[in-house]
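A.B. asks: below is the sequence, then the predicted model.
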Amino acid sequence: MPKERMIMVRLNLPDYDFRIRDSKGHTEIFDDIRLKYVVLTPEEWVRQNFIRYLLNEKNVPLMMMGVEKALSLNSLTKRTDILIFGSKGQPVMIVECKAPEVKIDQKVFEQISRYNLALRVSYLIVTNGLVHYCAKIDFIGNSFAFLEEIPDYKSMI
């Protein structure tokens, strides 16, 4: 008998419709990027909602998004939650998603900054679905600035 369907928190994002099913005792959500159902955890709920936000509100083409893309960092393999690519296939934005109950703190910013040592993108986003922070990185000036608003795709590239 399947477990009771997981109840997901309402996020600080528009409401979107998803394909959700119960399978093998878990609740699963369809990932339009990986083209498969994945286990619906609180972090996955944030990731799938943020993908839809980027797609619908920021006009990021679906084919320019990657999920759980591997990167090598100090001989360790790490995975980005969402990676946005520019028109020439170069990475332009990393999004780090956390479950809604996870506080966005210095450790989260340090994690995404480490990923950016390998990828060198101009935009970093950290979100728990309730709070979102977006920073623009200035590699020449060796600085960053938090943005009031997440840029649309054309502004990113």
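C.D. replies: Thanks, I have it.
A.B. asks: after the helix or strand of the chain with the lowest mean pLDDT comes which helix or strand?
C.D. replies: Averaged element by element with mean pLDDT, DSSP states H and E, the chain has its least confident helix or strand at strand 65-73 (a mean of 89). Following strand 65-73 in sequence order, the next helix or strand is strand 76-85 (DSSP states H and E).
A.B. asks: any regions of this protein where pLDDT drops low?
C.D. replies: By pLDDT under 70, the weakly predicted segments of the chain are 1-6.
A.B. asks: that one: helices as residue ranges?
C.D. replies: When secondary structure is read from DSSP state H, the chain shows helices at 42-56, 106-119, 153-156.
A.B. asks: to Arg19, which of those helices lies closest?
C.D. replies: Among the helices of the chain, the nearest to Arg19 by Cβ to Cβ is helix 42-56 (10.1 Å). Where you see a C-beta, it was placed from the backbone N, CA and C, and this is true even at glycine.
A.B. asks: alright, I will stop here.
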